[in-house]
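Chemist: predicted model, plus sequence, below.
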Amino acid sequence: MADHPQADSRKAWYLLHSWAGIVLALAIYVVCASGCVALFVHELQLWQYPELQRIAAPAAGVVNVKAVLNEAKLAGLIQERATLQLPRYSNAVILRLQDDSGRMAVFDPTSGALLGIRPEGFGRALRVLHSDLLLPFPWGTFLTGFLGITLMFLVLTGVVMHRRFYRDIFTLRTGRSWRLSWSDAHKLAGTWGIAFLGMMGFTGSVLGLAGLLLLQTAVVAHKGDSGKAYAEIGGKTERASGTLAPLGATAPMLARDIRGEPFIPRFFTIAHIGDEKATVTVEGERPDYLSTNDRKVFDREGRLLATPRGVGNGAGWRTYSALLPLHFAEFGDATLKFVYLLLGIAACLMPVSGILLWLDRHRRDNTMARAQHLMRGLAAGVTIGFPIAVATLFLAARLAPQWMAQQGNPVLALCSAWLATVAWALWRADKPHTERGLLGLAGILFVLVAPVNAWVSGDAVLFAMAQPLHTSHVVDGVMLALGLSLLSAYRHLRQ
């Protein structure tokens, strides 16, 4: 006898609801997992280019900006406008080329000599994955903003649902049933990380939707005048006069104290290079505020003209300026980043454990239909495929550096490894030990990163104690630890 049409309709809606939930949970996982890596985008660049760590610091801590600009001009790298990244994670001065090639020019901070031109590194692809999900701007940014709102909603509903909040903080029952352990892990990750998850959801949603929120707020404040709104957000710019004039002293622009306010310059942008109306915008941090978005505008002689984005512009700008350092742990040292990493891994466990618990309920009820098997394969491919894809980027950067130097190839390598893992997991969706095999592969790839790096570059973590400990050694050590953790999970699943 055929099923009743109403029952078929309910089944179809149930499957649609289930697939939507799985996809949404996996999207949140992708944002959280890529965020864990995006925290260390600068450290990844130093791992890929260890020579950046060996550049000498500028004499007396003063960067020779004019020498860098002159060298870049002679090399044909800049025309009328340029933005320099001042020394921070390394002593180099970095100029990101404006030809959409994803390359950067590296300069000596003292002599201004051009040390080389190279790609920005595969860390940039991972940062874009976190901020835009590799989608066209601004749609990817808006999507991550809405996912941030979803994360805040899940945190709020989770708090309302769990009445035994304080009991869950200290409950993790292992050695009993698989489902019980994952259920406790789900609650434990949520309760201990609730403040972190809420903060990540809030800052991520505002940063993702900032383009909409800031512009609309400014337009309302200026009664619909979009020109004034853009000027308030970006700052006014002078037109070139056509009269040649050299850049004056840059010391006042890079001072650590401007009109009695402490200031740490990070970026130096000059418009209308060589013109009488040239303006310099210096973006940096205020150490007395949680801000990385303070901006000072100078004329070519070093006279302060405006502060379009400064903490002195009201509580609104101070709040917005604090979001980026809060989101990416840029207000502390490496220890804070590792704390964020641990909390981020716990955040990744939330959607993963939720999916596993949902699928396990269907398995125990003997209702694992083909659709549920595919959901299981998709979940395994996406969640375990991400670390496999990340490890692939590390190994490709060392084994195929010329190929990885071509524009778009880091994204191609990331997506190819990830999609191949998803395809394999979907093909093996109804087979046992699919997840275990993928965990073992991910663990092996992570463990291989350190020895491959030592073999190719000679920058070995095993010999770090006999020489200065560089960032690349720390990255190798972290990859080795994560690889051993994945192999431990592989061994635990066998038992």
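Modeler: Yep, that arrived.
Chemist: doesn't Glu283 lie inside a helix?
Modeler: No - counting by DSSP: H, G, I helix; E, B strand; the rest coil, Glu283 is not part of a helix but strand.
Chemist: how near is it to Arg127?
Modeler: 18 Å (CB to CB, to the nearest Å). The C-beta positions use only the backbone N, C-alpha and C, and glycine is treated the same way.
Chemist: and Phe196, by the same measure?
Modeler: As judged by CB to CB, Phe196 and Arg127 stand 20 Å apart.
Chemist: and Cys415, by the same measure?
Modeler: Counting by CB to CB, the gap from Cys415 to Arg127 is 15 Å.
Chemist: who has more neighbours out of the two?
Modeler: More crowded of Cys415 and Arg127, by other CB atoms under 10 Å: Arg127, with 22 against 14.
Chemist: just checking, the more buried one touches Ala38?
Modeler: Yes - using CB atoms under 8 Å, Arg127 is in contact with Ala38, at 4.7 Å.
Chemist: run the chain-centre distance for stretch 27-43.
Modeler: In terms of CA atoms, centre = their mean, to the nearest Å, the centre of stretch 27-43 is set 5 Å apart from its chain centre.
Chemist: contacts for it?
Modeler: 44, 88-89, 123-124, 126-127, 129-131, 133, 144, 147-148, 150-151, 154, 200, 204, 328-329, 337, 340-341, 344-345, 347-348, 350-352, 382-383, 386-387, 390, 471, 474-475 (CB atoms under 8 Å, 6 or more residues apart in numbering).
Chemist: before we move on, what about stretch 445-463?
Modeler: By CB under 8 Å, 6+ apart, stretch 445-463 touches 47, 50, 387-388, 391-392, 394-395, 398-399, 470, 472-473, 476-477, 479-480, 482-484, 486-487.
Chemist: any of those residues buried? List them.
Modeler: Among those, the ones that count as buried by 16 or more other CB atoms under 10 Å are 47, 50, 387-388, 391-392, 394-395, 398, 470, 472-473, 476, 479-480, 482-483, 486-487.
Chemist: which of the residues you listed fall within helices?
Modeler: Judged by DSSP state H, the subset of the buried ones among the contacts of stretch 445-463 located in helices is 47, 387-388, 391-392, 394-395, 398, 472-473, 476, 479-480, 482-483, 486-487.
Chemist: and the next helix or strand past the helix or strand of the chain with the lowest mean pLDDT?
Modeler: Least confident element among the helices and strands of the chain, by mean pLDDT, DSSP states H and E: helix 226-234 (a mean of 54). As assigned by DSSP states H and E, the chain's next helix or strand after helix 226-234 is strand 257-258.
Chemist: and Leu97, how many neighbours?
Modeler: Using other CB under 10 Å, Leu97 has 16 other residues around it.
Chemist: sorry, that was for Ala25
Modeler: 22.
Chemist: hang on, isn't it packed against Gly354?
Modeler: Yes - if you go by CB under 8 Å, Ala25 and Gly354 touch, sitting 6.0 Å apart.
Chemist: now the closest residue to Leu480 other than its chain neighbours: how far from Tyr49?
Modeler: Leaving aside its sequence neighbours, Leu480 sits nearest to Ala450 (CB to CB, 6 or more residues apart in numbering; 5.0 Å). As for Ala450, its distance to Tyr49 is 17 Å (criterion: CB to CB).
Chemist: try Ala397
Modeler: Distance, Ala397 to Tyr49, by CB to CB: 10 Å.
Chemist: those two - which one has more neighbours?
Modeler: The neighbour count for Ala397 versus Tyr49, taken as other CB under 10 Å, is higher for Ala397 (27 against 21).
Chemist: Pro50 is in contact with the more buried one, correct?
Modeler: No - the criterion here is CB under 8 Å, and Ala397 misses it with Pro50 at 11.5 Å.
Chemist: tell me, what's touching these two both at once?
Modeler: Contact criterion CB under 8 Å, 6+ apart; residues shared by Ala397 and Pro50: none found.
Chemist: count of neighbours near the nearest residue to Thr243 once chain neighbours are set aside?
Modeler: In space, and not counting its chain neighbours, Thr243 is closest to Glu276: 4.1 Å by CB to CB, 6+ apart. If you count neighbours by other CB under 10 Å, Glu276 ends up with 15.
Chemist: again, but for Glu261
Modeler: Quick note: Glu261 (other CB under 10 Å) scores 17 neighbours.
Chemist: read off the pLDDT value for it.
Modeler: Per-residue pLDDT puts Glu261 at 82.
Chemist: pairing partners for it in the sheet, please.
Modeler: Using DSSP bridges, the beta-bridge partners of Glu261 come out as Ile258.
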